[in-house]
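[1] Quick one: sequence plus predicted model below, questions after.
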Amino acid sequence: MSDFTEYKDVIQEGDLALIWVSRTMIKPVTIDAKAVFSTRYGSFPHKDMIGKPYGSQIGIYTRGSGKFAFIHVLQPTPELWTLSLPHRTQIVYTPDSSYIMQRLNCNPQSRVIEAGTGSGSFSHAFARSVKQLYTFEFHEVRYQQAKDEFKQHGLLDENVIITHRDVCKEGFHITSEDTTSHDFSSQNKKEITLDADAIFLDLPAPWEAIPHLEKVIATDKKVGLCCFSPCIEQVDKTIEAMSNNGWTNIQMVEIQGKRYESRRQMVRSLDDALGRLRDIKKRKLEGVKRRYQVMNEMTPAEREDVERNHKPLTDKAKFNPFGKGGRVKEGDENFTWKEVTKVETEIKSHTSYLTFASKIVNKVKDEKLVEETMQKVYVKRDAEEKAAALKKEAYEQREAILKKEAVKNREEAALKRAAASAAASQE
Ligand SMILES: C[S@@+](CC[C@H](N)C(=O)[O-])C[C@H]1O[C@@H](n2cnc3c(N)ncnc32)[C@H](O)[C@@H]1O
């Protein structure tokens, strides 16, 4: 089981844990009873984490500052790994990777090719959702680092094979001659059948790799391809290579991730603004006065020290809605607030163009299957038409009977009325 697929309740020695210090600082650590996790807010011994449930907040009291500091210990997920991994290259972030996997129809049966591996951000996301991932990296050091990392995370024992390869020059087949994480010694086979149904290329020149795909993709189903390129010129060349190599349904998409946040904003009136201006003026005068007063009360040495260090001379001011002083908590009932929407300015998504295409290699029409299917369709249609005609006939017959009965009833009623009026005139 990998650290990324096995769910655990309790933090244990040897676990890979992700320590959430802040939204912009998440650190991967291997839990070791003898180690200490140090931050600028304080030091957290791992032994205080062991035995606690995942998601726990671990707090410490720092004597120096007299404050509490805390962290959260979390289980690894591909999303958190993307935010915490050591960057060796530019990476694909979750807003892009989730969209790409959905467009490539990735599912637990998918066999995926990825090139290049880079920092392994997307590899972790693929590994969680698909049956098999074949990932390729041509930079030797990066290949080794990614391989070690995947090994450490248990991905190589599950569904990931990483191969050292220039896919633009040598394509995607994997043999026992290659530098790869796959262990050929345990099998008779000298080559892997990739049969990939989803391909993701994050390379500077994907158009050079596209012609090599023909030999390694599945032939009996629809195969999806996505190329991730930052420049429109690259997209141009990619589209050309796709259509020259029989890829269809070509479409280019750009993800513009934005996160909206609902907040309350203090409503300020004109009086507040005037009050603020008066306050600034008053503070300025008070400050000058106080400065003179304090300076006069000081010894020459203290005065020199203050001037050298620019120590503040005035007391901390009370709250002022616009100026310095204590802070107001959002929603404080003493003030008026309005609901506003704020856009998070920086959302981690790499603005690249995503070019999608698909291919069905085996396009031969199965005439027999088509004939059988159409025969079934015709038989069903004939039966439906016959049933409809019978229904119509029965309806018409019933209508005719009802009509006859109505005429007969009307005639009988007329005869009865005539007989009754004749009898009345005789009396
Ligand atoms: C931008 S990074 C990929 C990042 C990766 N998608 C991630 O999410 O971490 C591109 C990688 O492709 C590798 N690369 C470039 N050309 C290659 C090629 N022809 N064959 C294999 N890998 C290649 C580079 O060494 C680099 O590590």
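    Looks like it arrived, so ask away.

[2] Spell out which parts of the stretch 1-150 of the chain neighbour the ligand.
    Residues of the stretch 1-150 of the chain that fall close to the ligand, judged by Cβ under 6 Å from any ligand atom: 89-92, 115-116, 118-122, 136-139, 142. The C-beta positions use only the backbone N, C-alpha and C, and glycine is treated the same way.

[3] how about the nearest residue to Tyr7 once chain neighbours are set aside, what does it touch?
    In space, Tyr7 comes closest to Gln75 once its chain neighbours are excluded; the distance is 6.9 Å by Cβ to Cβ, 6 or more residues apart in numbering. Gln75 is in contact with Asp3, Tyr7, Lys8, Ala17, Leu18, Tyr54, Gly55, counting by Cβ atoms under 8 Å, 6 or more residues apart in numbering.

[4] from those residues, which single one is nearest Phe126?
    Sorting those by how near they are to Phe126, with Cβ to Cβ, puts Asp3 at the top with 16.0 Å.

[5] For the chain, name the helix or strand with the lowest mean pLDDT.
    Taking mean pLDDT, DSSP states H and E as the measure, the helix or strand of the chain with the lowest value is helix 300-309, at a mean of 71.

[6] What's the first helix or strand after that helix?
    Sequence-wise, the next helix or strand downstream of helix 300-309 (DSSP states H and E) is strand 337-343.

[7] For the stretch 151-300 of the chain, what lies in contact range of the ligand?
    Counting by Cβ under 6 Å from any ligand atom, the stretch 151-300 of the chain sits next to the ligand at Arg165, Asp166, Val167, Cys168, Asp202, Leu203, Pro204.

[8] 8 Å - rerun?
    If contacts are counted using Cβ under 8 Å from any ligand atom, the residues of the stretch 151-300 of the chain sitting beside the ligand are 165-169, 200, 202-205, 208-209, 228.

[9] export the residues you listed to JSON lines and tack on neighbour count, distance to Ala218 and pLDDT?
    Written out in JSON lines, the entries for these read as follows (neighbours: other Cβ atoms under 10 Å; distance: Cβ to Cβ, whole Å; pLDDT from 0 to 100):
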{"residue": "Arg165", "neighbour count": "22", "distance to Ala218": "20", "pLDDT": "97"}
{"residue": "Asp166", "neighbour count": "16", "distance to Ala218": "24", "pLDDT": "98"}
{"residue": "Val167", "neighbour count": "23", "distance to Ala218": "18", "pLDDT": "98"}
{"residue": "Cys168", "neighbour count": "19", "distance to Ala218": "22", "pLDDT": "98"}
{"residue": "Lys169", "neighbour count": "10", "distance to Ala218": "24", "pLDDT": "97"}
{"residue": "Phe200", "neighbour count": "27", "distance to Ala218": "15", "pLDDT": "98"}
{"residue": "Asp202", "neighbour count": "24", "distance to Ala218": "21", "pLDDT": "98"}
{"residue": "Leu203", "neighbour count": "22", "distance to Ala218": "21", "pLDDT": "97"}
{"residue": "Pro204", "neighbour count": "11", "distance to Ala218": "27", "pLDDT": "97"}
{"residue": "Ala205", "neighbour count": "14", "distance to Ala218": "24", "pLDDT": "98"}
{"residue": "Glu208", "neighbour count": "16", "distance to Ala218": "22", "pLDDT": "98"}
{"residue": "Ala209", "neighbour count": "25", "distance to Ala218": "17", "pLDDT": "98"}
{"residue": "Phe228", "neighbour count": "22", "distance to Ala218": "21", "pLDDT": "97"}
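
[10] Tell me which two in these are the farthest apart.
    Pairwise distances among those were taken by Cβ to Cβ; the largest, 20.0 Å, belongs to Lys169 and Phe228.

[11] Now do stretch 124-138: distance to the chain's middle.
    For stretch 124-138, the separation from the chain centroid amounts to 16 Å (computed by Cα atoms, centre = their mean, to the nearest Å).

[12] Can you verify my assumption that Thr39 contacts Ile60?
    No: taking contacts as Cβ atoms under 8 Å, Thr39 lies outside contact range of Ile60: 9.8 Å.

[13] For these two, list the residues in contact with both.
    Taking Cβ under 8 Å, 6+ apart as the criterion, Thr39 and Ile60 both touch Ala69.

[14] Please list only the buried members of the contacts of Gln75.
    When the contacts of Gln75 are checked for burial by 16 or more other Cβ atoms under 10 Å, the buried set is Asp3, Ala17, Leu18, Tyr54.

[15] What residues sit buried inside stretch 81-100?
    Going through stretch 81-100 with 16+ other Cβ under 10 Å, the ones that come out buried are 81-85, 88, 91-100.

[16] export it as CSV, just CAs?
    Once side chains and other backbone atoms are set aside, the C-alpha atoms of stretch 81-100 remain, and they are given as CSV (Å, rounded to 0.1, in the frame of the first residue of the first chain):
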residue,chain,number,x,y,z
TRP,A,81,1.6,16.8,-2.4
THR,A,82,1.3,19.2,-5.3
LEU,A,83,1.4,22.1,-2.8
SER,A,84,4.3,20.8,-0.8
LEU,A,85,6.6,18.8,-3.1
PRO,A,86,10.2,19.8,-3.8
HIS,A,87,10.1,21.7,-7.1
ARG,A,88,12.6,20.4,-9.7
THR,A,89,10.7,21.8,-12.6
GLN,A,90,7.5,23.8,-13.3
ILE,A,91,4.6,21.6,-12.2
VAL,A,92,1.0,20.9,-13.1
TYR,A,93,-1.4,22.2,-10.4
THR,A,94,-4.7,20.6,-9.3
PRO,A,95,-7.1,22.9,-11.3
ASP,A,96,-5.4,21.8,-14.5
SER,A,97,-4.7,18.1,-13.6
SER,A,98,-8.3,17.5,-12.4
TYR,A,99,-9.7,19.0,-15.6
ILE,A,100,-7.3,17.0,-17.8
